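Trainee: I need the structure of the sequence given here:
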Amino acid sequence: NDIKEVVLTGTQLGNYGFDLKNINLKGLIKKVLNETNIERIRVSSLQPKEIDQELINIWKNESNGRLCPHFHLPLQSGSNNILKKMRRRYSSEEFIDITNLINEYIPSASITTDVIVGFPSETEIEFNETLKVVEESYLNNLHVFPYSSRPGTSAYYSKEHTKPEIIKRRSKELVKLSKNIADESMKNIIG
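Mentor: As a prediction, the model looks like this:
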């Protein structure tokens, strides 16, 4: 077997198996672990609600180091109001709890996230909520995306678009925080 690494990926990866009998993402991961000799198995982006104790136990107790200790969980916003407008099914508090749960059970894990800055109607207070959630979460890096209007989306039709100069300023502020978090994470793994 020449395959050294495989990435389990998909746009809604946590929903794997909804159309199949007796299999879900956890079952798939266990099958790959039990039925192959692949040395490195990487799981791409998961929604915060998809992380639970059972999934963490697979990483911690069943993978023998073969599951890469990396979790990419999209935050998108630290404002629960904005998360609702984005139709996200988690709260900022749940996001913080999940990152801390991962860190508690898999302290070597790397946790990364995505944040959208300037979603329509995002106020300064809501942006500051995002900064606060990022600071309170256990993160190793974050990817900052300035909001861009996409035809066909609900947000596209909003009458409350954030001014480009505000998006630019907020993005710059969050990128600076991201750099500090990444620098601190790298310092912690020296040696």
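
Trainee: Could you identify the helix or strand that succeeds the strand of greatest length in the chain?
Mentor: Of all segments of type strand in the chain, defined using DSSP state E, the longest is strand 110-117. Once strand 110-117 ends, the next helix or strand along the chain (criterion: DSSP states H and E) is helix 124-136.

Trainee: By neighbour count, which bits of that next one are buried? Give me those.
Mentor: E126, F127, E129, T130, V133, V134 (16 or more other C-beta atoms under 10 Å). Where you see a C-beta, it was placed from the backbone N, CA and C, and this is true even at glycine.

Trainee: For N61, grab the count of nearby residues.
Mentor: Neighbour count for N61, taken as other C-beta atoms under 10 Å: 9.

Trainee: Name all residues that make contact with I23.
Mentor: Y16, G17, K31 (C-beta atoms under 8 Å, 6 or more residues apart in numbering).

Trainee: what's the closest of the residues you listed to E160?
Mentor: Nearest to E160 out of the contacts of I23 is Y16 (C-beta to C-beta; 35.8 Å).

Trainee: isn't that closest one right up against K31?
Mentor: No. Here Y16 lies out of contact with K31, judged by C-beta atoms under 8 Å, at a distance of 11.2 Å.

Trainee: Can you show me the strands along this structure?
Mentor: Counting by DSSP E, the strands of the chain are 5-8, 40-43, 70-72, 110-117, 141-146.

Trainee: what pairs with the first one, and is each one parallel or antiparallel?
Mentor: For strand 5-8, the paired strands and their directions (DSSP bridges) are strand 40-43 (parallel).

Trainee: distance between the partner strand and the chain's centre?
Mentor: Using C-alpha atoms, centre = their mean, to the nearest Å, the distance from the centre of strand 40-43 to the centre of the chain it belongs to is 16 Å.
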